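In: Please work out how this folds:
(one chain, ligands or ions: 1)
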Amino acid sequence: MRRLLESVKYFGLRKLYYLVKSGIASLSEFLVNEGISRKEWQQSLVKRQISKTLITDYGGDEGHNSNTTQYFLGFGLIHYALVRNSRPKRILCVGSRKGFIPAILALACKDNGVGHVGFVDAGYGPEEPTKHWSGVRFWKHMDPAKHFGKLGVSSYITTHVMTTKEFARRFPDITYQYIYIDGDHSYEGVKLDYELFWPKLDRHGCMVFHDVVARGRLDQGKFGIWRFWQELSTHSKIIFPFPKESGLGILQKP
Ligand SMILES: C[S@@+](CC[C@H](N)C(=O)[O-])C[C@H]1O[C@@H](n2cnc3c(N)ncnc32)[C@H](O)[C@@H]1O
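Out: Model (predicted):
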C-alpha cells in the first residue's frame, strides 16, 4: 500500500512536473511568436527609434518634408534611396544645421558597406545675419566624430568646418558621385557652389539642391535658389516643389 501511495505521489508529481513544463513551453512559444509578429508589424521601412533620433538629435525639420511627430524622414528617404541604389564612393554634402542629411548619407554608406561623405559647413550662426541661413554655430563647438558616433557612422563621414570656397581650394582634386547643396541660399551663393562642384561630379552622378522653391528672406539673407534653378535651362531637372517653403531639386550629369 505504502509503495502504491508513493508511486501515486511520484506519478502525480511527475504529471505536475510535465504539465508545468509543457505549460511554460507553450507560454514562451506564444510570447516569442507574439513578440516577433508584433515587432514585425510595428517595424516600418526605416526603424522608428533611429528615425526619432535623426529627427530630434540631428535636426530633421519640416523643411525636409519630415514629420517630426511621426518621425517620418521626408527628403531624407530620397537621399537614402538614391545613395543605396547608386552606391557612390565619394559624397559631398554642403550645409546642415545639426547633421540630419549628412547623417542619413553616412548611414546609407554604412548600409552599402562602401562610400564616404565629405561634409562641409562653415558653422555660421545668428551672429552672421547675412550668412547663417538658419545655422546655429553647431559645428563650431560640437565634436563631429562624437556627434556622428552616436549613430555609429563617424568612420563614414569627415566634417570640414569651413566655407565651400575654402574647401574647394584645399581639396581641388576630389571628384564625387553624389553632391548635396544646402549651404549659402542666396542666388550668388548657390551659383558659386554649383560652379565649384559641378565640374567635380562624375558622369551619371546626382547633384541635389535643397530649398529650390523657397522665396523671401531669412534674417538678412534673400533666398535665390529658386531663380538659379529656373535658369538651369540646359539640364533635365527633377523637382519636388513641396513643402512650399523649401522643395528639393535633382540634376543628373549626362
Ligand atoms: C540652410 S542651413 C542648413 C539648414 C538645413 N535645411 C538643415 O537641414 O539643417 C545652412 C548651413 O549652411 C552653412 N553655410 C552657409 N554658407 C556656407 C558656405 N558658404 N560654406 C559652407 N557652409 C555654409 C551654415 O553654417 C548653415 O549651417
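In: what's the burial count for the residue of the stretch 101-250 of the chain found nearest the ligand?
Out: Ranking the residues of the stretch 101-250 of the chain by distance to the ligand (Cβ to the nearest ligand atom) places residue 135 first, at 2.8 Å. (C-beta placed from N, C-alpha, C; glycine too.) By other Cβ atoms under 10 Å, 21 other residues sit near residue 135.
In: tell me the pLDDT at it?
Out: Note for residue 135: predicted pLDDT of 97.
In: Verify the contact between it and residue 129 for me.
Out: No. Here residue 135 lies out of contact with residue 129, judged by Cβ atoms under 8 Å, at a distance of 11.0 Å.
In: Sketch out the low-pLDDT regions of this structure for me.
Out: For the chain, the stretches with pLDDT under 70 are 1-14, 16-17, 19, 23, 25-45.
In: Domain map for it?
Out: Structurally, the chain divides into domains by automatic domain parsing as follows: 1-43, 48-252.
In: Return the most buried member of those domains.
Out: Highest mean neighbour count of these: domain 48-252, a mean of 18 (counted as mean count of other Cβ atoms under 10 Å).
In: What's the end-to-end length of it?
Out: One end of domain 48-252 sits 31 Å from the other (Cα to Cα, to the nearest Å).
In: Off-centre distance for that domain?
Out: 10 Å (Cα atoms, centre = their mean, to the nearest Å).
In: if we can go back for a sec, from what I can see, the residue of the stretch 101-250 of the chain closest to the ligand looks like it's in a helix, true?
Out: No. Assignment of residue 135 by DSSP: H, G, I helix; E, B strand; the rest coil gives coil, placing it outside any helix.
In: Excluding sequence neighbours, find me the nearest residue to it.
Out: Distances taken as Cβ to Cβ, 6 or more residues apart in numbering put residue 124 closest to residue 135, at 4.3 Å, once the chain neighbours are dropped.
In: gap between the one you found and residue 112?
Out: Relative to residue 112, residue 124 is positioned 31 Å away (Cβ to Cβ, to the nearest Å).
In: Residue 146: what's it in contact with?
Out: For residue 146, the contact set (Cβ atoms under 8 Å, 6 or more residues apart in numbering) comprises residue 154.
In: from memory residue 87 sits against residue 115, does it?
Out: Yes. Counting by Cβ under 8 Å, residue 115 is a contact partner of residue 87 at 6.8 Å.
In: Assign a three-state SS to residue 152, would you?
Out: With three-state DSSP as the basis, residue 152 sits in coil.
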